[in-house]
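Q: pasting a predicted model and its sequence here:
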Number of protein chains: 2
Amino acid sequence: MVRRLTAVEIVCVGEELLDGSVVNTNAVYLGSRLHELGFRVRAVHTVGDRVEEIDETIRQSLSRVKVVIVTGGLGPTGDDLTREAVCSALGLSLQFRPQLWDSTRQLYCRRGGIPQEEDLRQARLPQGASPLPNSVGTAPGFWLRWQQKLLICLPGPPHELRTMWTEHAEKVLLSQLPGERPRPAPTMTLRVCGMGEAQVQHRISQISLTGVEVGIYSFPGEIQVRLTATQPGPRGQEQLARAEANLRAALGDHVFGVDEQTLPAALGARLVQRQLTLATAESVTGGRVADLIVSAPGASRYFLGGVVAYDQETKRCLLGVGPDLLERYGPVSPEVSEAMARGVARLLGADVSLALTGLAGPGREEDGRPVGTVYACLLGPWGTKLRERWYPGPRELVRQRAAMESLAWLYLTLQRLT
Amino acid sequence: MVRRLTAVEIVCVGEELLDGSVVNTNAVYLGSRLHELGFRVRAVHTVGDRVEEIDETIRQSLSRVKVVIVTGGLGPTGDDLTREAVCSALGLSLQFRPQLWDSTRQLYCRRGGIPQEEDLRQARLPQGASPLPNSVGTAPGFWLRWQQKLLICLPGPPHELRTMWTEHAEKVLLSQLPGERPRPAPTMTLRVCGMGEAQVQHRISQISLTGVEVGIYSFPGEIQVRLTATQPGPRGQEQLARAEANLRAALGDHVFGVDEQTLPAALGARLVQRQLTLATAESVTGGRVADLIVSAPGASRYFLGGVVAYDQETKRCLLGVGPDLLERYGPVSPEVSEAMARGVARLLGADVSLALTGLAGPGREEDGRPVGTVYACLLGPWGTKLRERWYPGPRELVRQRAAMESLAWLYLTLQRLT
């Protein structure tokens, strides 16, 4: 039996969300809250400050789903038009609410100011609407039932929206739709490294996964497989556990963690488990590998430190990379990556060392090696491992992918150490 | 005279954008680019991975505006359904394109992998569609004309979308709609460091800015002031130039650059100008400062390298931080930050050195210093400068702000060096 989730659409109002000025964080906040409560967000529509466009969007959303949540356009200024648009969409008129006006005046009084004529706009609500108090700003929200549907309007500033959501709007949603809400479906994210998206998909396509919906998402150096059970509660937990076991069998030790566990944290756990210390030597990635390692709390238990040897002289003096090597093979070469790894292991007395040298661009190839070429060396109980990679793309991306993939390489090497 | 802008709607496809997993940064990127080019984004619609919902949304958008841009759902996996939805919306069928398949195979060949059966999906496009090459991933985009309208489909991963936009899609948009586009209103972003948002706002409120719209946006370690002229062409350029001069007078040398110029690049330009070399020693930031410095192309001209001394032993052996200092003042202290700065300057023979030590959490205070405490030391021709900061927030934010603000500090110090 597949659960049918109650669908919600979100309408975000604000020209600043359309012209690239502001990232829409309200949509992701509401999406996350609604998902956890067991609703399905069917769509998010962002529109500008024009009554007819807001009106049309709200009407269309109400025709498709049971719950529509509107954000923004509730302030005091002339381009705050959500109240008018709701009236126009539902054929209602605006009513002055003396109580809201009193609250606004009291708020100004406490803050030591005088309400402006513009603030009067905020004391008008569509007829039949119930106000949602705003404890951190002046613009009240409101909600109303309309032909079996529920419409909730919230202010645009993120901290006002979040406060109003947790203090009032969520309760309205749950109490107005008591029968509608199924128990939330359990979810889980499996995090995978050392494999491409197509390869993950291919392996998943060869196993049978029932009782879960599967989404595959790609990030630099990592693939996430998100599972949502089709049933709520303990049955859903069982579905997830079965799917997880099947996926782990199919993806093997490429699964480094679940949910919030990051690759640096998983790597750290392996180092602690094997009682090994780590040091890094970086040229092309300029400290990013060390930075990623340190992003895991408790990294001081295994990470001794690293050297960023961006300059040839630093490679020579500090890491002891011979000038003959630099001359004969060039700074971007497997030979130099190995000498860097040896140098930093000796310098810091580390059990394991990771070194990277490469060409991130911009600019042209050097010594016949194209921009995007990265050599890495991994020294440890397994001996010496060398690797060449080519990453297309701009400087930032080359560096990010080289850093993330070298950590995945180290993780898998430790994982397979017998 | 009000310009009538050609309207565009954006359709973003991806369940992860609806359930609160991922912030929709593609919408803000495209919004900003389209705004600068002189188009008006009328709406952004985000929908999940369901053919019928993507289909319906694309059809409705095409009924309202001349240009529709779709993002996401172009990958190789079974939940990548944008190609199918476009065909369904426009009554087209999918065609296999041998050339696209060849490119995919070549990409795999260069990267040292084998294409999977799933990758075949990416070699199919709606009939009549022209491919948009993807130079940083496997999923091609495409565009097509349909009843006087223009439909452009781009991949979802932000770096692929951005690369494809700048390399191909923007040119298609401009060449397919030559008569449609009014001259864009000139825009400019002034980038400011070493000041908070309220301080920037306050200084701006005290000057008169006419002929421009002003937006102020806050990022870790940086404030951006975005100006849009109210008129197009040379008149707009004059408006911008006047506003820029007024703003520079009000904000002083805190303005480190305009538009795409980053703080690390501005810092590098100052070091080159003064013929100074730089080295870093990091504990709490774990290589992030070095990484930021290296993010500027050409950093090898002034950046000698750095030491990530996460372990006490590394601070002692490599940087020569005396055990008595560590014992007496603790590793998170101004004394240790100064010893680290001296150590790395000596080790690498640098003119300028920057060192940071601090407590990023999670966890409790140490030696009476709360989590979020960061000490920094700057050595150079100005002598020794020390600084203590406290950053509220989680580990990642503490580290990011400490790194960015230390670069701003170094930049302003160099700027004011007589």
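A: Right, received. Where do you want to start?
Q: what does the stretch 51-200 of chain A put close to chain B?
A: Counting by Cβ under 8 Å from any Cβ of the partner chain, the stretch 51-200 of chain A comes close to chain B at A:53, A:57, A:60, A:196, A:197, A:198, A:199. From N, CA and C alone the C-beta is placed, and that goes for glycine too.
Q: the helix or strand hosting residue A:30: which residues count as buried?
A: Under the criterion of DSSP states H and E, residue A:30 resides in helix A:25-37. Buried residues in helix A:25-37, counting neighbours by 16 or more other Cβ atoms under 10 Å in any protein chain shown, are found at A:26, A:27, A:28, A:29, A:30, A:31, A:33, A:34, A:35, A:37.
Q: show me the contacts for residue A:199.
A: Applying Cβ atoms under 8 Å, 6 or more residues apart in numbering or on different chains to residue A:199 gives the contacts B:113, B:116.
Q: pLDDT averaged over the host helix or strand of it - what is it?
A: If you go by DSSP H and E, residue A:199 is part of helix A:197-205. Mean pLDDT, helix A:197-205: 89.
Q: what sits up against the helix holding residue A:30?
A: By Cβ under 8 Å, 6+ apart, helix A:25-37 touches A:8, A:10, A:12, A:40-41, A:44, A:46, A:69, A:71-72, A:154, A:156, A:158, A:161-162, A:165, A:170, A:173-174, A:181, A:184, B:17-24, B:46.
Q: buried ones among the residues you listed?
A: If you count burial by 16+ other Cβ under 10 Å, the buried members of those come out as A:8, A:10, A:12, A:40-41, A:44, A:46, A:69, A:71-72, A:154, A:156, A:161-162, A:165, A:173, A:184, B:17-24, B:46.
Q: among these, which ones are in helices?
A: A:161, A:162, A:173 (DSSP state H).
Q: how far away is the residue lying farthest from the centre of chain A from chain B?
A: The C-alpha centroid of chain A is most remote from residue A:324, which lies 46.0 Å away (Cα atoms, centre = their mean). Residue A:324 is 21 Å from chain B, where distance means Cβ to the nearest Cβ, to the nearest Å.
Q: any idea how far the helix holding residue A:199 is from the chain center?
A: 22 Å (Cα atoms, centre = their mean, to the nearest Å).
Q: buried residues in it?
A: For helix A:197-205, by 16+ other Cβ under 10 Å, it's A:197, A:198, A:199, A:200, A:201, A:202, A:203, A:204.
Q: and stretch A:251-262, by the same measure?
A: A:251, A:254, A:255, A:256, A:257, A:262.
Q: give me the distance between the two termini of it.
A: 17 Å (Cα to Cα, to the nearest Å).
Q: does that stretch reach chain B?
A: No. Applying Cβ under 8 Å from any Cβ, one finds stretch A:251-262 separated from chain B by no less than 10.6 Å.
Q: other residues contacting that stretch?
A: For stretch A:251-262, the external contacting residues (Cβ under 8 Å, 6+ apart) are A:188-195, A:200, A:203-204, A:225, A:244, A:247-248, A:263, A:265-267, A:295-296, A:408, A:411-412, A:415-416.
Q: let's go with 7 Å and repeat that
A: A:188-195, A:200, A:203, A:248, A:263, A:266, A:296, A:411-412, A:415-416 (Cβ atoms under 7 Å, 6 or more residues apart in numbering or on different chains).
Q: buried subset of these?
A: The buried subset of the contacts of stretch A:251-262 - by 16+ other Cβ under 10 Å - is A:188-195, A:200, A:203, A:263, A:266, A:296, A:411-412, A:415.
Q: all set, thanks.
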